[in-house]
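S.K.: Quick one, structure for this:
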Amino acid sequence: MDIARPHSPTNSQFAFAQINGSVHLVQVPDCAQGGMSSALMVSDVHIFRHEFITIFRYSHSATVHPADLHILEPIADQSALYEEEKGTVFLARDVMARMQKLTMDARRSMPVPVRHARHASRIH
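M.R.: Numbers count the residues shown, from 1 in each chain. Modelled structure (predicted):
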């Protein structure tokens, strides 16, 4: 199975981002992390899935509307090792600890769905 590898934009950075309620490791162009143009334009991001402890592997690219993309924490270059030819990112352990906290915070802030009873209770 041959998986397409992301082409790394020249000015890009890894970050933890919330996309449609879920926290992901993403690679975003620098302009997507703030500024006037990012509020008006969609962003192309590379999304990486968590594979093992501090290892992430490229999953897919997505075009995301600014309303659906919230950068939670940019990751410093010295805290990530990217093996582009393999599509693999290794993160420092302290960064992983922060991701776990961000993930837990995101889960807590998500509204709990309200379940409606199928049958109305009968009062006699």
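S.K.: and Ser43, what does it touch?
M.R.: 28-29, 32, 63-64, 66, 69 (CB atoms under 8 Å, 6 or more residues apart in numbering). Using the backbone N, CA and C atoms, a C-beta is placed for each residue, glycine as well.
S.K.: nope, Leu102 is what I was after
M.R.: Taking CB under 8 Å, 6+ apart, one finds 16, 18, 23, 72-73 in contact with Leu102.
S.K.: With pLDDT and distance to Phe56 as new columns, can the residues you listed be given to me in JSON lines?
M.R.: JSON lines is the format used below for the contacts of Leu102 (pLDDT from 0 to 100; distance: CB to CB, whole Å):
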{"residue": "Phe16", "pLDDT": "92", "distance to Phe56": "11"}
{"residue": "Gln18", "pLDDT": "91", "distance to Phe56": "16"}
{"residue": "Val23", "pLDDT": "89", "distance to Phe56": "12"}
{"residue": "Leu72", "pLDDT": "91", "distance to Phe56": "15"}
{"residue": "Glu73", "pLDDT": "91", "distance to Phe56": "15"}
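S.K.: buried set for the helix or strand bottoming out on mean pLDDT in the chain?
M.R.: When each helix and strand of the chain is scored by mean pLDDT, DSSP states H and E, helix 93-109 comes last, with a mean of 77. Neighbour-count burial for helix 93-109 flags 95-96, 98-99, 102-103, 106 (criterion: 16 or more other CB atoms under 10 Å).
S.K.: so Met96 touches Phe52, yeah?
M.R.: No: with contact defined as CB atoms under 8 Å, Met96 does not count as touching Phe52 (11.0 Å).
S.K.: Between its first and last residues, how far does stretch 63-76 reach?
M.R.: For stretch 63-76, the first-to-last residue distance is 23 Å (CA to CA, to the nearest Å).
S.K.: one step back: pull out the buried members of the contacts of Ser43.
M.R.: So, by 16+ other CB under 10 Å, the buried ones in these are 28-29, 32, 64, 69.
S.K.: possible to save those as TSV with secondary structure and distance to Val42?
M.R.: Shown next, in TSV, are those (DSSP: H, G, I helix; E, B strand; the rest coil; distance: CB to CB, whole Å):
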residue	secondary structure	distance to Val42
Val28	strand	12
Pro29	strand	11
Ala32	helix	9
Val64	strand	6
Leu69	strand	9
